[in-house]
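Participant: I'd like to go over a predicted model; first the sequence, then the structure.
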Amino acid sequence: MKPFSEACERNREPILEVLREALATARRVLEIGSGTGQHAVFFAEALPHLVWQTADLPEAHAGILSWLEEAAMPNVLAPLELDVNRFDWRGARYDAVFSANTAHILSWPEVEQMFAGVGMALAEGGVFCLYGPFKQGGRHTSESNARFDAALGERDPRMGLRDVQELRRLAERHGLVLERDVAMPANNRTLVWRRRG
């Protein structure tokens with residue numbers, strides 16, 4: 001039985017609207033943290049000019065493959081084993097990287113590793129689209145995000161909502177410039193970074 005995420009179903013259309021523009025000239029996309037595989041199948045079908053490379057920790061691969069096998073689309077690829085601490089980011093070049101709801105699950109050192117890796121893996125002019133809930137200027141943007149952040153901290157003190165300003169500073173160290181900050185439903189955002197030459 002395929003894994004299913006209600007959140008993926010809810011957020012896929014608003015994210016797609018951002019990706020249509022952000023990935024219009026991209027060809028090869030790496031998805032960090034493909035989760036169930038739902039996003040990969042939906043976006044690859046809606047954006048057939050892309051080759052969508054799924055990637056996640058090994059325990060997620062069976063679920064991703066169940067979605068991919070049912071969809072049987074030629075432009076979505078079987079998952080790579082991707083742990084941000086150990087992945088060979090220089091192994092391939094991508095025009096774009098996409099990740100949803102990962103930055104608050106990863107520890108801050110792992111977020112640093114992800115941005116460093118994306119900076120290495122992206123081709124010049126490539127884009128990194130990062131979706132999820134974020135803080136702005138050290139503050140939560142809604143009460144629901146504040147509650148969610150507190151719940152994450154109780155689950156694991158290394159988790160938590162990341163601040164857009166801190167992410168900007170981190171990204172700039174790796175050649176990534178924030179190009180768009182798009183408000184999304186349910187107090188989420190999609191941050192679109194571009195790789196400088």
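Facilitator: Looks like it came in fine. Numbering: from 1, shown residues only.

Participant: Which strand in the protein has the most residues?
Facilitator: Secondary structure assigned by DSSP state E gives strand 122-132 as the longest strand of the chain.

Participant: The residue nearest the centre of the chain: which element?
Facilitator: Nearest to the geometric centre of the chain sits residue 99, at 0.5 Å (CA atoms, centre = their mean). Here residue 99, judged by DSSP states H and E, is contained in strand 94-100.

Participant: who does that strand pair up with?
Facilitator: Within its sheet, strand 94-100 is paired with strand 28-32 (parallel), strand 122-132 (parallel), according to DSSP bridges.

Participant: would you list these in TSV and tack on mean neighbour count?
Facilitator: All C-beta spots, glycine's among them, are computed from the backbone N, C-alpha and C. Below are the strands paired with strand 94-100 laid out as TSV (neighbours: other CB atoms under 10 Å):
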stretch	mean neighbour count
strand 28-32	26
strand 122-132	21
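
Participant: looking at these, which is closest to residue 186?
Facilitator: Residue 186 lies closest to strand 122-132 among the strands paired with strand 94-100, at 10.5 Å (CB to CB).

Participant: List the contacts of the helix or strand just after that closest one.
Facilitator: Next along the chain after strand 122-132, taking DSSP H and E as the criterion, comes strand 134-135. By CB atoms under 8 Å, 6 or more residues apart in numbering, the residues outside strand 134-135 that reach it are 103, 141, 145, 149, 161, 162, 163, 164, 167, 189, 191.

Participant: which helix in this structure runs the most residues?
Facilitator: helix 6-22 (DSSP state H).

Participant: now the strands for this structure?
Facilitator: Taking DSSP E as the test, the strands found in the chain are 28-32, 51-56, 76-81, 94-100, 122-132, 134-135, 162-163, 176-184, 188-195.
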